[in-house]
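Undergrad: Return a 3D structure for these sequence lines:
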Amino acid sequence: MKEELLGIRLVRMANAIRRMTFNESMRAGDTDNQPTGTQEMVLAYMATIEPGQDILQKDLESWFNIRRSTVTEILKRMEQKGLIERAPVAYDKRVKKIVLTEKAQAICRQNWERILVTEKKLAHGFSEEELRQFFRLLNKLQQNIE
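TA: Sure thing, here's the model as predicted:
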C-alpha cells in the first residue's frame, strides 16, 4: 500500500465534511437557484461575521485561501442566484462590500443547525484536550503552508 499523503487526506476529509453538512441543501426542484456546496461554505463564513462589519472579497480570498479569480467567479454566481448583493463602502468608491440577501440569510439560519450537527459528529469521542491538540496541529500545518 502506498504511503498516505497528508494534503490529499485533508482534501478528502474537507470534501466529506462539506458533503455531510450541506448535501441536504441540494434539494430537488429548482437547483439552479440553490447554492452549491462551495457557496454554502461562503454563506456559512459570512453568517459568522459580526453584524455591521463589512465583508470584502479580499476577506473571502484570505479566509478560504483561494485566488481572487476563484472568489470572483463564486460571487458572480451567488449574485446571479440572488444570494448576495454588492454595495459601496463609504471609505473607497472602488471597493464593494458583499451583503447577504434575505434569501441567503434564511439559508444561513437553516444551515446553522446542520453545521452544529456536523460539529457534534466530528467531535464525538474526543476529549477537550485532544481537540485542543488537534487545533494546535492544524495551526502548525497552516504555518507550514504560509
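Undergrad: So for the residue most central in space within the chain, what's the nearest residue that isn't a sequence neighbour?
TA: The centre of the chain sits closest to M41, judged by CA atoms, centre = their mean, with a distance of 2.5 Å. Spatially, and ignoring its direct neighbours in sequence, M41 is nearest to R18 (6.5 Å; CB to CB, 6 or more residues apart in numbering). C-beta coordinates here come from the backbone N, C-alpha and C atoms, glycine included.
Undergrad: Same question for C108.
TA: Excluding the flanking residues, the one nearest C108 by CB to CB, 6+ apart is A47, at 3.9 Å.
Undergrad: Of all the residues in the helix ranked longest in the chain, which ones are buried?
TA: In the chain, with assignment by DSSP state H, the single longest helix is helix 102-123. Neighbour-count burial for helix 102-123 flags 104, 107-108, 111, 114-115, 118 (criterion: 16 or more other CB atoms under 10 Å).
Undergrad: so where's the chain shaky on pLDDT?
TA: Along the chain, the parts satisfying pLDDT under 70 run over 1-2, 24-33.
Undergrad: Please enumerate the helices of it.
TA: In the chain, the helices defined using DSSP H lie at 6-22, 37-47, 57-64, 68-80, 102-123, 128-145.
Undergrad: just how off-centre is the longest helix of the chain within its chain?
TA: On the basis of CA atoms, centre = their mean, to the nearest Å, helix 102-123 sits 11 Å off its chain's mean C-alpha point.
Undergrad: for it, packing partners?
TA: When contacts are defined as 3 or more CB pairs under 8 Å, 6 or more residues apart in numbering; DSSP states H and E, helix 102-123 packs onto helix 6-22, helix 37-47.
Undergrad: now for the longest one, which elements pack on it?
TA: Applying 3+ CB pairs under 8 Å, 6+ apart, one finds that helix 6-22 contacts helix 37-47, helix 102-123.
Undergrad: Which among those helices is found nearest to Q133?
TA: Of all those, helix 102-123 sits nearest to Q133, with 12.9 Å by CB to CB.
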